[in-house]
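Student: need coordinates for the below:
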Amino acid sequence: MRPVNLIPPEERRGDQAPLRTGPAVYILVGALVAVLAGVTVLVLTGNQVSERESELAKVEREDAAASAKAERLAAYTSFRNMSEQRVATVQSLADSRFDWERVMRELALVLPGDVWLVSLSASASADVSVEGAGGAGGNLRAAVAGPALELSGCAAGQESVAGFVTVLKDIEGVTRVGVQSSELGEEEDAGAAVDGPATSSGGEDCQTRDFIARFELVVAFDAAPVPALGSGEGEAAPVATESEGGE
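Tutor: I've put the predicted structure just below:
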């Protein structure tokens, strides 16, 4: 026979018992969980906002303190900048200063005995004109941007001029020596001396015999820095205008 369960459905226990609560309970529990999660997120967000506001207030206070300190130290900063600029200016002027004294001393040492100078001028820049120089260098001086010597005088022949050009290169700092002109005399003056300049009608004409060569040279110091004009360093230095012999 087939067994028949005579217990009413509402009183049964076990797997065969019908649900008495229904789905409403699960919906309610889910809604409560969602509300709890929302409240948790809201609380955490509020805490983060509070922390950020606190950090922002701290940063603003630090910024205000730093700004106040910077204002107090602005005078010192300005003084330091001015000091650094002055040191840089002095250093630049010192670097651009040319040692003409050393050059003149070395020129006196290398000047041969068969060469005598009529005029000598020195300038720190091609833009500077030396009063009384007579333009000995001509176009050659204009081609030298930095310091240079302009020499004019006489020598006992073209070989002496060439030898003088060679010894000029022994002066420290000389990079090149340009010959503007070197010409022999056309007429012989029997009453003139060979070992020194003569006093002729021109006053500076050292070409007293036909074998004496009159020259114009430019001694360039290309490696030397070019001083800036207007600062007092670019002014010309007329060293000498007359020389009485090649000692």
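Student: longest helix anywhere in this protein?
Tutor: Determined from DSSP state H, the single longest helix within the chain is helix 24-96.
Student: packing partners of that one?
Tutor: Applying 3 or more Cβ pairs under 8 Å, 6 or more residues apart in numbering; DSSP states H and E, we find helix 24-96 packed against no helix or strand. Glycine gets a C-beta too; all of them are placed from N, C-alpha and C.
Student: next structured bit after it?
Tutor: helix 100-110 (DSSP states H and E).
Student: report all helices and strands that the following helix or strand past that next one contacts.
Tutor: Using DSSP H and E, the helix or strand that follows helix 100-110 in sequence is strand 115-123. Packed against strand 115-123 by the contact rule (3+ Cβ pairs under 8 Å, 6+ apart) you find strand 148-155, helix 158-168, strand 237-240.
Student: surely residue 206 meets residue 114?
Tutor: No. The pair residue 206 / residue 114 is not scored as a contact, 12.0 Å apart, by Cβ atoms under 8 Å.
Student: which one's more surrounded, those two?
Tutor: Taking other Cβ atoms under 10 Å, residue 206 and residue 114 do not tie; residue 206 has more neighbours (23 against 18).
Student: so how far is residue 217 from the more buried one?
Tutor: 14 Å (Cβ to Cβ, to the nearest Å).
Student: show me where pLDDT drops low in the chain?
Tutor: Residues of the chain that meet the criterion pLDDT under 70 lie in 1, 9-22, 92-96, 128-138, 187-204, 226-247.
Student: quick one, domains of it?
Tutor: Domain assignment for the chain by automatic domain parsing gives 1-96, 100-240.
Student: out of those domains, which is the most enclosed?
Tutor: Most buried of the domains of the chain, by mean neighbour count (mean count of other Cβ atoms under 10 Å): domain 100-240, with a mean of 17.
Student: just confirm residue 183 is within a strand.
Tutor: Yes. Judged by DSSP: H, G, I helix; E, B strand; the rest coil, residue 183 forms part of a strand.
Student: SS state for the closest residue to it other than its chain neighbours?
Tutor: Nearest residue to residue 183 in three dimensions, chain neighbours excluded: residue 214, at 5.8 Å (Cβ to Cβ, 6 or more residues apart in numbering). Going by three-state DSSP, the secondary structure assigned to residue 214 is strand.
Student: where's residue 214 relative to residue 114, distance?
Tutor: In this view, residue 214 and residue 114 are 14 Å apart by Cβ to Cβ.
Student: try residue 224
Tutor: The gap separating residue 224 from residue 114 is 30 Å, by Cβ to Cβ.
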